[in-house]
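Colleague: predicted model, plus sequence, below.
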Amino acid sequence: MKKEWLKDIVLISAGAFIYAFGVNYFFVANKLADGGIAGISVILHYLFNFNISTTYLVLNVPLVIMGYKLIGGKFIVKTFYGTAITSLAFRVFQNYLGPMDDKLIASIFGGLIIGIGLGTIFVGGGSSGGADILVKILNKYFDIPVGKAFLALDSFVLSALGILFGRDIFMYTLVGLFISTKAIDFIQDGVDKAKALMIISDKSEEIKNEIMKQTGRGVTIINARGGYTNDNKEVLYCILGRYEVTTVKRIVKNIDRKAFMSISEVSEVLGEGFKDLGK
């Protein structure tokens, strides 16, 4: 347990410093902004020259207290730490600025670095504060979906940014936030995103044997009954790495062209042959 906590703290700390560097070096230096509480802190810095680190901490403290009372649990403990270390990281990197002639390049690379930082924080089970707490409270007590809550908050910040600093800054920031979202997904899901296949065939035994032989993956047999014919069927279910799907499609095609097969995305797979459950 202590080892897991230490690992999480290291990940949250590393992610916070990567995140703060991305915000300062790419976004602040080129008059762009982030979403959520960090975005509000950056806007206040542009308007009144407020210190981003201090503003970020001040805005987050009441939210962390509110979250502790309304949510509690390990999430808030790690969020409190994530908020404090992110505020410190903003101060460390406040003079690390990289103004660029091309704001699009700044938004692309800034979004990438910010997404890597936030994704690392999330892998550690923490958050950078503010927006995450508000979203969890809105979801828990008002049944507002997480995605819509994040969208509403970011839309508010981006709208303020566009009104105050113009549409160009708004659009460049939007590009950066889109890229950061994709980078977060990549860090959390990893490069080993998998596919789940369900195969219905009268030659299920032959297909099963070939899949196991050619891919080394296990196959689960599910007993089912056809809704139209009422015939008993065997459904093959297997999870594969994305690069193994073509092999299985070829197997099914060669054995039974009348087979039915569905393929769906799997965000994470834990267990033998994939990611260790203990990691």
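Modeller: Perfect, I can see it now. Numbers count the residues shown, from 1 in each chain.
Colleague: what's the span of stretch 122-131, first residue to last?
Modeller: Stretch 122-131 has an end-to-end distance of 13 Å (Cα to Cα, to the nearest Å).
Colleague: show me the contacts for the nearest residue to Gly111 once chain neighbours are set aside.
Modeller: What sits nearest to Gly111 in space, not counting adjacent residues and going by Cβ to Cβ, 6 or more residues apart in numbering, is Ile179, at 3.2 Å. From N, CA and C alone the C-beta is placed, and that goes for glycine too. By Cβ atoms under 8 Å, 6 or more residues apart in numbering, the contact set of Ile179 is Ser107, Ile108, Gly111, Leu112, Gly115.
Colleague: toward the C-terminus, what is the element adjacent to the helix or strand hosting Ile179?
Modeller: Assigned by DSSP states H and E, Ile179 falls within helix 167-189. Once helix 167-189 ends, the next helix or strand along the chain (criterion: DSSP H and E) is strand 194-200.
Colleague: would you put the C-alpha positions of that following strand in CSV?
Modeller: Extracted in CSV, the C-alpha atoms of strand 194-200 (Å, rounded to 0.1, in the frame of the first residue of the first chain):
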residue,chain,number,x,y,z
ALA,A,194,-7.2,-3.4,-27.6
LYS,A,195,-10.1,-4.6,-29.6
ALA,A,196,-12.9,-6.9,-28.5
LEU,A,197,-14.2,-9.3,-31.1
MET,A,198,-17.5,-11.4,-31.0
ILE,A,199,-17.8,-14.0,-33.7
ILE,A,200,-20.8,-16.1,-34.5
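Colleague: in that strand, what's buried?
Modeller: Across strand 194-200, burial judged by 16 or more other Cβ atoms under 10 Å covers Ala194, Lys195, Leu197, Met198, Ile199, Ile200.
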